[in-house]
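J.: Any chance you can model this:
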Amino acid sequence: MKKLFVFISLLAVMTLTGCAKKTPYDYSAFRASKPASILVLPAENHSPDIAAAHSFTSQVTQPLAESGYYVFPVAVVEETFKQNGLENATDIRNVPAAKLHDIFNADAALYIDISDYGTKYLIVDSETRVSATARLVDLRNGKQIWSGLATASDNEGNNNNQSALGILIAAAVHQIASNITDKAHDVAAITSDRLLTAGNDGGMLPGPRAKAAKL
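T.: Numbers count the residues shown, from 1 in each chain. This is a model prediction of the structure:
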């Protein structure tokens, strides 16, 4: 009887947990900040692929611009840091917010961390995955006003109902395609879009240049 009671109690907890609603993201700091321009800092790469930082950073301008923000040209920003002796992403993100505001006069800075980037080869298949987190900091006061994370994989939506032969053929084609194309760069575009496009669940709010923008 005691074991039955424990089992029922655990089942009830699991049911209540599954039915619990996700806590809405708190946008109060974001709304108070009302950023119009964003400075994208070089991404911090925690993956083995040395191309990850430049690849991902090159993808972020479009979703931010389409969300209604002015985005400082990434290449110009990197060159400005380089001319001032800063080429390492870690060193650049250690520059105080007030200093960044003085140099670029941007409202906010976007700090990006890449945790996964590249292709992993499995027994009969491969997966290209890109995962990243980002946080937005108001350069006028140094306060974080938003953070988010996103991931994307080229294995999303694969058909698991194929025959064994079909799975092997598809896996072979998949691996060949991953070897001859820069698949990670394409997947990074999806991750960037999910992470930074306004209107996504927990994503950024629309900027002032967006149609019918509401901050």
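J.: Might you report the residue contacts of Val187?
T.: 128-130, 152-154 (Cβ atoms under 8 Å, 6 or more residues apart in numbering). The way it works is simple: take the backbone N, C-alpha and C, and place the C-beta from them, glycine included.
J.: State the distance from it to Arg194.
T.: The gap separating Val187 from Arg194 is 11 Å, by Cβ to Cβ, to the nearest Å.
J.: Leu136 too?
T.: Here Leu136 is placed at a distance of 16 Å from Arg194 (Cβ to Cβ).
J.: Tell me which of those two has more neighbours.
T.: In terms of neighbours (other Cβ atoms under 10 Å), Leu136 is the more surrounded of Leu136 and Arg194; the figures are 23 against 18.
J.: hang on, the more buried one packs against Ala108?
T.: Yes - with contact taken as Cβ atoms under 8 Å, Leu136 and Ala108 are classed as touching, separated by 5.2 Å.
J.: any shared contact partners between the two?
T.: What both Leu136 and Ala108 touch, as defined by Cβ under 8 Å, 6+ apart, is the set 35, 38, 145.
J.: quick one: the strands in the chain?
T.: For the chain, the strands defined by DSSP state E occupy 37-40, 44-45, 70-71, 108-121, 126-138, 144-153.
J.: Return the list of helices and strands in contact with the fourth one.
T.: In terms of contact count using 3 or more Cβ pairs under 8 Å, 6 or more residues apart in numbering; DSSP states H and E, strand 108-121 is assigned the packing partners strand 37-40, strand 44-45, helix 52-57, strand 126-138, helix 183-196.
J.: If we use 6 Å, what do you get?
T.: Helices and strands in packing contact with strand 108-121 are listed as strand 37-40, helix 52-57, strand 126-138; criterion 3 or more Cβ pairs under 6 Å, 6 or more residues apart in numbering; DSSP states H and E.
J.: same thing with the last one?
T.: Applying 3+ Cβ pairs under 6 Å, 6+ apart, one finds that strand 144-153 contacts helix 28-33, strand 126-138, helix 183-196.
J.: Check the offset of it from the chain's centre.
T.: Relative to the mean C-alpha coordinate of its chain, strand 144-153 is positioned 4 Å out (Cα atoms, centre = their mean, to the nearest Å).
J.: Buried ones in it, by neighbour count?
T.: By neighbour count, with 16 or more other Cβ atoms under 10 Å as the criterion, the buried positions of strand 144-153 are 145-146, 148, 150-153.
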